[in-house]
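1. predicted coordinates and the sequence they were generated for:
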Amino acid sequence: MAYSSIVKPSVYFNNKLWTGNGNSSHAQTGVGFQPDLVWLKARSESEYHFLFDAIRGATKGISSDLTAAEATYAQGLKSFDSDGFTIGTSNGMNRSGTTYASWNWKANGQGSANTDGSINTTYTSVNTTAGFSISKYTGTGNAGTVGHGLGVAPKMIIIKNISQTTDWVLGHQELDASAPWTKYLKLNDTSAVLDSPVFNDTAPTNSVFSVGADGKTSSGAGSHVAYCFAEKKGYSKFGSYKGNGNADGTFIYTGFKPAFVIVKIAEHTGNWQLFDNKRVGYNQDNHVLRPNLNNAECTSCVEIDILSNGFKLRNTDGDGNTVNNKYLYMAFAEEPLVANVGASIPATAR
């Protein structure tokens, strides 16, 4: 059995739920660390997704369901705090009576410049233990390389041009096994996999990732933010599966009890699906949010079971489990199946 070196995943990734109160300073505590990336979304009504990170700074938001450039939300996420974050009066984050969720990752504060690539970063914030980094850089309009700081090759990269209206770019190691990193998905819509040299048709290395001569990843007039993820046993997994078209669906082994799962069909159009371990009742009642849509969460959708060692599909719809279609996923742990500490206690399903 594989053991995890990350005994407590919640010190690097954690979910947080709250109900809005409309106040100008609504502190969200209990995250367990000072987050460096906060992705938040209203649950009970339609509102955009918002992503804030420590490199771009508080109040600077981008939305996974929009192509829009970065915007300033003075009453949005106002500060990153030692045990969470504080939000203001923004309806998208703190409308009185509306329920919200956030997903929070720890990097290393604002970080510092990285000069490993041909394009220097303004800041790169790195958590090598958890396999996560955030970088901000200015494109050149040409192909180049950008340092990510992880020390190992990332398996998933998300990039957004924050200066211009452009699509989100998501690269994943398993989009095309025969020609890795020659294709990408748009996080902001339902598109099937696209063949384009946004990563210069080059796999990332232990020190850099590549960008193409494209406004999405290397605009000569734009700043870009990149979120890079390396896989860590018992904590994170970035893989793919084939659907079986059956309500007794495909089982995906992750080696941990998931706290967070995103799924997207690769070869055909379909919505992104986001699940977590907090917005739920029990299995077969895991509520769905869609990163490419501003919809409220679906509380009647029966999509996945969250298990002690992975997740299992429970529907036959095209967004998650049609027969023989390829789906990509990213998952982060609530707890490892077995941690490498003394008398290890296996994780249990709910």
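-> Now that the structure is in, tell me what you want to look at. Numbers count the residues shown, from 1 in each chain.
2. buried stuff in stretch 311-321?
-> 311-321 (16 or more other Cβ atoms under 10 Å). Yep, even glycine has a C-beta here, placed from its N, CA and C like the rest.
3. going by distance to Gly141, which of those residues wins?
-> Taking Cβ to Cβ as the measure, Gly141 lies nearest Asp319 of the buried residues of stretch 311-321, at 35.9 Å.
4. and that closest one, what is it in contact with?
-> When contacts are counted by Cβ atoms under 8 Å, 6 or more residues apart in numbering, Asp319 is found next to 263, 265, 270-273, 303.
5. closest to Gly171 among those residues?
-> The closest of those, once distances to Gly171 are taken by Cβ to Cβ, is Trp272, at 14.9 Å.
6. ok, that closest one - contacts?
-> 187, 262-264, 290-292, 319.
7. helices or strands up against the helix or strand containing Phe332?
-> According to DSSP states H and E, Phe332 maps onto strand 326-336. If you count contacts as 3 or more Cβ pairs under 8 Å, 6 or more residues apart in numbering; DSSP states H and E, strand 326-336 packs onto strand 236-242, strand 256-265.
8. I figured Glu335 hits Pro258, correct?
-> No - with contacts counted by Cβ atoms under 8 Å, Glu335 stays clear of Pro258, the gap being 9.7 Å.
9. now the nearest residue to Gly88 once chain neighbours are set aside: how far from His287?
-> Once flanking residues are discounted, Gly88 sits nearest to Gln75: 3.3 Å by Cβ to Cβ, 6 or more residues apart in numbering. Taking Cβ to Cβ, to the nearest Å as the measure, Gln75 falls 27 Å from His287.
10. more neighbours: which of these two?
-> His287 (20 against 16; other Cβ atoms under 10 Å).
11. any chance you could map the strands in the stretch 1-150 of the chain?
-> Counting by DSSP state E, counting those that start in this stretch, the stretch 1-150 of the chain has strands at residues 13-19, 26-29, 37-42, 50-53, 60-61, 71-72, 77-81, 84-87, 99-105, 121-127, 132-138, 144-147.
12. still on that earlier bit, which among the contacts of Trp272 gets closest to Ala27?
-> Closest to Ala27, out of all of these and judged by Cβ to Cβ, is Pro291, at 25.7 Å.
13. and that closest one, which of the three is it?
-> coil (DSSP: H, G, I helix; E, B strand; the rest coil).
14. before we move on, the earlier item: which one of the contacts of Trp272 has the most neighbours?
-> Busiest of these [other Cβ under 10 Å] is Lys264, holding 29 neighbours.
15. contacting residues for that residue?
-> Counted by Cβ under 8 Å, 6+ apart, Lys264 has contacts 185, 270-273, 327-329.
16. distance check, the closest residue to Gln173 other than its chain neighbours against Gly270.
-> Excluding its sequence neighbours, the residue lying closest to Gln173 (Cβ to Cβ, 6+ apart) is Lys155, at 4.4 Å. Distance, Lys155 to Gly270, by Cβ to Cβ: 21 Å.
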